[in-house]
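**Student:** model this:
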Amino acid sequence: MKNIGQFFLSYGAILVTTFGLIVTIYTFSTELKSRERLQFQSTLWSKQSDIYLKTAQAIGAICAEVNKDNEVDDFSKANYQQAKENFTGLCYGEMQFIEDTAALNKMLDFKVQIDSYNPEIADPSYKLNIIRHGIAIIEVCRKSYFKSSGDHLNDKPLEADTTAKKASFPW
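**Tutor:** Next comes the predicted model:
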């Protein structure tokens, strides 16, 4: 019995120190992995934000040209073509990185519309249909962005600002 007591007195401090060291290393390793994961998610979230912004800008440029009245505003085929190329590049390139199926499907539908767009058709409903589809893509991207921001923050999704929905659009 005395030997067991001496053993614990002799080696107890070493065992306690070793146990504390193991717990500290495990905790540090876990926190490091958690920080690395969060940093990776933050980078992806930031990239998603950039891609959605570029997509919205390309759609905005397309819709601005489509919305022009040929007789008054001088539709620019060069501007339209450039915006369409920007959009197509995003559609087949960077947006594939995001893998948001809802946005990608809407973008592909929109691409069909803008590929067949004829600026000679003066029917306002024809132009407004294209503009509405463009806005629908931006809304899907916006919802996806706010959903992922909630995922990124490990919290409920952030609420999108609804002031744009309250605005009165002519279409």
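**Student:** what does the average pLDDT come to for the helix or strand Arg142 falls within?
**Tutor:** In the assignment (DSSP states H and E), Arg142 maps to helix 124-152. Averaged across helix 124-152, pLDDT comes to 84.
**Student:** list the buried residues of that helix.
**Tutor:** For helix 124-152, a neighbour-count test (16 or more other CB atoms under 10 Å) marks 127-128, 130-131, 133-135, 137-142, 144-145, 148-149, 152 as buried. (C-beta placed from N, C-alpha, C; glycine too.)
**Student:** equivalent analysis for stretch 57-66, please.
**Tutor:** Of the residues in stretch 57-66, those buried (16+ other CB under 10 Å) are 58-59, 61-66.
**Student:** who's in contact with that stretch?
**Tutor:** 75-76, 79-80, 82-84, 86-87, 90, 110, 114, 117, 119, 127, 130-131, 134-135, 137-138 (CB atoms under 8 Å, 6 or more residues apart in numbering).
**Student:** my guess is Asp74 contacts Pro119. True?
**Tutor:** No: proximity of Asp74 to Pro119 does not meet the contact threshold set by CB atoms under 8 Å, at 10.5 Å.
**Student:** neighbour count for these two, which is higher?
**Tutor:** Set Asp74 next to Pro119 and count neighbours by other CB atoms under 10 Å: Pro119 wins out with 14 against 9.
**Student:** the protein: helices as residue ranges?
**Tutor:** 2-66, 77-92, 94-98, 101-115, 124-152, 163-166 (DSSP state H).
**Student:** just the angle between the second one and helix 124-152, please?
**Tutor:** Looking back up the chat, that one is helix 77-92. 40 degrees (axes from the mean of the first three to the mean of the last three CA atoms, to 10 degrees).
**Student:** now the angle from helix 77-92 to helix 101-115?
**Tutor:** Using the same axes, to 10 degrees: helix 77-92 against helix 101-115 is 150 degrees.
**Student:** show me what counts as buried in helix 77-92.
**Tutor:** 80, 83-84, 86-87, 90-91.
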